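> Return atomic coordinates for the entry below.
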Amino acid sequence: MSPAIRPRIPRAVRRPLLATALLLGGGCAALSLDHPASAPHPLPTVEPPSRTPRASARADGSTLSDEQAQAALLTQTDLGAPWTATRGAATWRDGLLKSRTSAGECQPLLDALYGDELLGAPARVAVGLDDADTEAQLRFQIAGRRPADVDAALAWLGTLPVRCARFTAVTEQGLVEDVQVVDAPLPEVGDARQGLRVTVAGTAPDDQRFLLTLDVAAVRVGEDAFALTNGGLGDVPNDATQAAVQIGALRLADIRRQGLAQV
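Down below sits the predicted model:
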C-alpha cells in the first residue's frame, strides 16, 4: 500500500461521526476517478453463489450437530487482546458497504460483503469480534451449504481479483468509492480456500480521505466450511486474519473428527 494512504484516518472520520457524515453528505457524486468502472479482461462465466435459504444441518451435508457448529466458532480468547466480543455492527457497514456499481458483475461482491453472505446463504452460526485498539471488526461464520455449493462460491471468489480488480461504486448518499480487489494468500489449511483483500477508498463530505480495508477468507474443511471478514478503517493488519483462518480450520477439523467418531 502506498505511503499516501497508509496514515491513520482522523478520529472524527473513524468514529460514528463518519457514518453521520456519510448519511448527510449527498454532494460527493461529482468526485471523478480516472479508471474504468470494471476490469477490462473478459473471463469465462462463473456465477456468484445463489442467495438461497440455509439448508438444514443434515440436508446441507454437514456432519456437525448444532452444538458442534457453535463450538467451532472463534472466541475472543483465541485471538487474545485487544479482541473482545462485538458491541454491534460497525458504523462503516451501512455507510460504505451499502452501495451500487455499474460494473454489474461486481455487484454480487458488494451485496455479499454487506449482507455477510460470502458463501451465498445466511450462516448456520456466526460470531463477531471487535479490536478495541484499531476499531476493526471480525466476523466468523460456519456455513450451512453443501460442499459443491461451497466449492462453486470459492471458484467465484477466485475470479474477482481479475473480473473486479478495480471499479467504482456509489453509496445511497451519493458518495463515490474506488473499490479494488486483490488475491490474498491464506494458510494451507482445509481442503479448499480463497482469500481476498478489498479496499474501498474515497473522500468524505468534509474533504477528508477515507480507506476501508476488508480481509475476506473462505475455507472448506470436508463437508463443512467457514467464512470470515476482518475489516476496519485504515490499513487493517493481516495477522488476525491469518490466525483466525488457521485456528478456525484446525478447530473445525477437530470437531468434525469428534463427530465422526461418535457416529
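> contacts and neighbour counts: CA atoms only from here.
OK.
> What lies in contact with stretch 187-201?
With Cα atoms under 8 Å, 6 or more residues apart in numbering as the test, stretch 187-201 has contacts from 96, 151, 154, 157-158, 161, 177-186, 209-222, 242, 245-246, 249-250, 253.
> What average pLDDT does stretch 215-228 get?
Mean per-residue pLDDT for stretch 215-228: 96.
> Please apply the same query to stretch 97-117.
In this model, stretch 97-117 has a mean pLDDT of 95.
> roughly how far apart are Ala148 and Val200?
Ala148 is 31 Å from Val200, where distance means Cα to Cα, to the nearest Å.
> Sort out which of the contacts of stretch 187-201 are buried, if you could.
96, 151, 154, 157-158, 161, 177-183, 186, 210-222, 242, 245-246, 249-250, 253 (16 or more other Cα atoms under 10 Å).
> Could you count how many residues lie near the residue nearest to Leu212 when sequence neighbours are not counted?
Take Leu212 and drop its neighbours on the chain: the residue closest to it by Cα to Cα, 6 or more residues apart in numbering is Leu233, 4.5 Å away. When counting by other Cα atoms under 10 Å, one arrives at 24 neighbours for Leu233.
> Next: the one 5 residues further on.
Around Asn238 sit 14 other residues, with neighbours defined as other Cα under 10 Å.
> just Gly144 next, same as before
When neighbours are counted by other Cα under 10 Å, Gly144 registers 30.
> Likewise for Arg93?
By the criterion of other Cα under 10 Å, Arg93 has 16 neighbours.
> what's the spacing between it and Thr213?
When Arg93 is compared with Thr213 (using Cα to Cα), they lie 12 Å apart.
> One more: Arg87?
Counting by Cα to Cα, the gap from Arg87 to Thr213 is 20 Å.
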